[in-house]
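Participant: Starting from these lines, generate the structure:
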Amino acid sequence: MAIVPPAPMQPFLDDPDDYRPRSRWRLLTDPGDESGRVEGLTMIVEDIAPGDRIPLHRHQVDEVIAIVSGTGEVYLGGATVRVSAESAIFVPAGAAHGTTNTGSGPLRLHAIFPAPVIEMQMLERNPAPGTEHLAPSHTEYDARTGEFRVIG
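Facilitator: This next block holds a predicted model:
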């Protein structure tokens, strides 16, 4: 149980498959209580810049995405659907999905996962400079430590 205070959001620079220097994000998880107990939820707060997209990917756990502001398109279940503020997207584990900002301002979303480590199997790429020749990878973000790892 915790209340996590606001903190600056960071650009997408560390992931070779999802390089978006104009978009910003913050990864939050329960830091645990005095007994060391940590709850298993993680939340991503993200501002997708106009024209940017989260490449097609999948997770091993369910995800809930809440659109806070802006307009965009979400690919899920073989279909692309327009989304805007107050839209909710329920993504089952293993489902390929991705999001594109189609508006003129940031697309703010909150994504919630039932785990402190977010695993992503990339199916498409926004390649970081110098990595254009690489195939999509399998990565994970550890919300407890802030560490990003390529696992395959």
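
Participant: Tell me which residue lies nearest the centroid of the protein.
Facilitator: Nearest residue to the geometric centre of the chain (CA atoms, centre = their mean): residue 44, 6.0 Å.

Participant: just checking, it touches residue 25?
Facilitator: Yes. The criterion here is CB atoms under 8 Å, and residue 44 meets it with residue 25 at 6.0 Å. Any C-beta I mention is one placed from the backbone N, CA and C, and that applies to glycine too.

Participant: Buried residues of the longest strand belonging to the chain, list them for me.
Facilitator: In terms of residue count, the longest strand belonging to the chain (DSSP state E) is strand 20-29. Buried residues in strand 20-29, defined by neighbour count with 16 or more other CB atoms under 10 Å: 20, 23, 24, 25, 26, 27, 28, 29.

Participant: same deal with stretch 74-82?
Facilitator: Buried, per 16+ other CB under 10 Å, within stretch 74-82: 74, 75, 76.

Participant: Please apply the same query to stretch 58-66.
Facilitator: Residues of stretch 58-66 classed as buried: 58, 59, 61, 63, 65, 66 (neighbour count, 16+ other CB under 10 Å).

Participant: What separates the first and last residues of that stretch, distance-wise?
Facilitator: Stretch 58-66 has an end-to-end distance of 17 Å (criterion: CA to CA, to the nearest Å).

Participant: contacting residues around that stretch?
Facilitator: Stretch 58-66 is contacted from outside by 74, 86-97, 99, 109-115, 118-121, 123, using CB atoms under 8 Å, 6 or more residues apart in numbering.

Participant: Can you list which of those residues are found in strands?
Facilitator: Counting by DSSP E, those place 74, 88-91, 97, 99, 109-113, 118-121 in strands.

Participant: What's opposite the residue nearest to the centre of the chain in the beta bridge?
Facilitator: Counting by DSSP bridges, residue 44 forms beta bridges with residue 27, residue 111.

Participant: Now do the contacts for it.
Facilitator: Counted by CB under 8 Å, 6+ apart, residue 44 has contacts 25, 26, 27, 28, 109, 110, 111, 112, 113, 118.

Participant: Just the closest of these to residue 146, please.
Facilitator: Taking CB to CB as the measure, residue 146 lies nearest residue 27 of the contacts of residue 44, at 6.9 Å.
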